[in-house]
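Enquirer: Quick check, what structure comes out for this input:
(2 chains)
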Amino acid sequence: MKTLFSFFAACCALVLLSNFALVSPGYQVGDKVADFRLKNVDGTLVSLADNKAARGYIVVFTCNTCPYAKAYESRIIALHQKYASQGYSVVAINPNDVATVPGDSFAEMQARAASQKYPFAYLQDESQQVARTFGATRTPHLYVVTKQGADFVVSYIGAIDDNSEDAKLVKTKYVEQAMTDILAGKPAATSSTKAIGCTIKWKKA
Amino acid sequence: MTRLRFLPLLALLLSGSAAHAQQVTVIKLPELQKRLSRQNDTTYVVNFWATWCAPCVKELPYFDQLSTTYARQKVKVLLVSLDYASQLDKKVKPFVRRRGLRSEVVLLNETDPNSWLDKVDGKWSGALPFTLIYNQKKQLRAAFEQEFTQAELTTQLQTFLR
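Expert: Model (predicted):
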């Protein structure tokens, strides 16, 4: 009887915990990032700690299929080309449920990365746990994390720029503004912005 | 042969009525804000969607159906397309016509979502679909950054109609 009760209690605790995880708002600017280990399109496992020379990362939740993600694809590549040499590589993470969006399967990710010659890691968040932990809601959803001691700390969350349709009409490059501050060792003046995107396709419970 | 002669006329009538059935008005933020704060006893269901957003397209019929289901109650549905204004004639209007949408459809023509998302609702991170339900008289308002099933939508709307 007692064991049955403790089993029941454990179940309750689990349900509570998992609910908590679902409603957790994710990272805010200033939060320490829990490192992850996700499979890259080249088959290797990638963690933030792998690159000892990194000063930080530009982490982008993105995917193959969302029109907004596609509209920003070349701009994400340009971000990597601009900031990787300054210690901030792009790490792209695809969190979409493959059962819902077959176009976001690992094989399709590999094909996309190859055809567009991604110069950065493109990781599959199969359990969606990394997206949940970050609090990502949409693709693209961007986070700049900065190395502080042994940890990575969130320095910027949000939009890439202010015009998804046409890169030539952009007036404010939000993430580049933030990067200018961050590279100067200052907190980003605008550290949190919003953007329209495709909702992350969560696994059906 | 006599019957065939009526065909062009019939086609003209059909296409004319279809075009008349639905307009898509292009609006800016101030107009949208007005529509999000109507001071009366109607319950407004405002759904933000786009033709490119698969979960939006899937749930649109549930929203469009509300106007019929609740025809005898004070319920109004507004479908706000976030497609680019450049896609109005190419994508949005044909979509609305093809689907036979009966609810009012507007297209919000604004860039820089960071400047206006919070003015629509502070809880909206920017993911689509997004839905607001409000009734100013009852001082009720709810925001949903999620996809609805028909049952979920009905349940939520019912709480406004009690």
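
Enquirer: ok, which stretches of the chain are strands?
Expert: Picked chain A for this. Listed in chain order, the strands of chain A (DSSP state E) span residues A:38-40, A:45-46, A:56-61, A:88-94, A:121-124, A:138-139, A:141-148, A:151-158, A:197-199.

Enquirer: oops, I was thinking of chain B
Expert: Taking DSSP E as the criterion, chain B carries its strands at B:24-27, B:43-49, B:75-81, B:104-108, B:127-128, B:130-135, B:140-144.

Enquirer: B:Cys53: how many residues sit nearby?
Expert: Residues lying near B:Cys53 (other CB atoms under 10 Å in any protein chain shown) number 26. The C-beta positions use only the backbone N, C-alpha and C, and glycine is treated the same way.

Enquirer: ok, back up a step: possible to save the strands of chain B as CSV with distance to A:Leu183 and mean pLDDT?
Expert: Formatted as CSV, the strands of chain B follow (distance: least, CB to CB, whole Å; pLDDT from 0 to 100):
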stretch, distance to A:Leu183, mean pLDDT
strand B:24-27, 40, 98
strand B:43-49, 36, 98
strand B:75-81, 39, 98
strand B:104-108, 35, 98
strand B:127-128, 29, 97
strand B:130-135, 34, 98
strand B:140-144, 36, 97
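
Enquirer: thought B:Phe63 was touching B:Leu153?
Expert: Yes: using CB atoms under 8 Å, B:Phe63 is in contact with B:Leu153, at 7.1 Å.

Enquirer: more crowded one of the two?
Expert: Taking other CB under 10 Å, B:Phe63 and B:Leu153 do not tie; B:Phe63 has more neighbours (24 against 21).

Enquirer: Tally up the residues packed near A:Phe134, please.
Expert: 24.

Enquirer: Model confidence score at residue 147, please.
Expert: You didn't say which chain, so I picked chain A. At A:Lys147, the model reports a pLDDT of 97.

Enquirer: The intended chain is chain B.
Expert: Looking at B:Glu147, its pLDDT is 95.

Enquirer: quick one on the thing from earlier: mean neighbour count and distance to A:Asp104 added to the strands of chain A, as JSON lines?
Expert: JSON lines is the format used below for the strands of chain A (neighbours: other CB atoms under 10 Å in any protein chain shown; distance: least, CB to CB, whole Å):
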{"stretch": "strand A:38-40", "mean neighbour count": "18", "distance to A:Asp104": "14"}
{"stretch": "strand A:45-46", "mean neighbour count": "15", "distance to A:Asp104": "18"}
{"stretch": "strand A:56-61", "mean neighbour count": "25", "distance to A:Asp104": "12"}
{"stretch": "strand A:88-94", "mean neighbour count": "25", "distance to A:Asp104": "6"}
{"stretch": "strand A:121-124", "mean neighbour count": "23", "distance to A:Asp104": "8"}
{"stretch": "strand A:138-139", "mean neighbour count": "26", "distance to A:Asp104": "9"}
{"stretch": "strand A:141-148", "mean neighbour count": "24", "distance to A:Asp104": "15"}
{"stretch": "strand A:151-158", "mean neighbour count": "22", "distance to A:Asp104": "22"}
{"stretch": "strand A:197-199", "mean neighbour count": "27", "distance to A:Asp104": "11"}
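
Enquirer: Tell me the pLDDT of the spatially closest residue to B:Leu101 that is not a sequence neighbour.
Expert: Closest residue in space to B:Leu101, ignoring its immediate chain neighbours: B:Asp64 at 5.3 Å, by CB to CB, 6 or more residues apart in numbering or on different chains. At B:Asp64, the pLDDT value in this model is 97.

Enquirer: go on, the one 4 residues further on?
Expert: Per-residue confidence (pLDDT) for B:Thr68: 91.

Enquirer: Quick one: name the residues of chain A near chain B.
Expert: Residues of chain A lying near chain B by CB under 8 Å from any CB of the partner chain: A:67, A:101, A:137-138, A:158-159, A:162-165, A:169, A:171-172, A:174, A:193-201.

Enquirer: Wait, A:Gly87 touches A:Arg55, no?
Expert: Yes: contact criterion CB under 8 Å: A:Gly87 and A:Arg55 qualify, at 3.1 Å.
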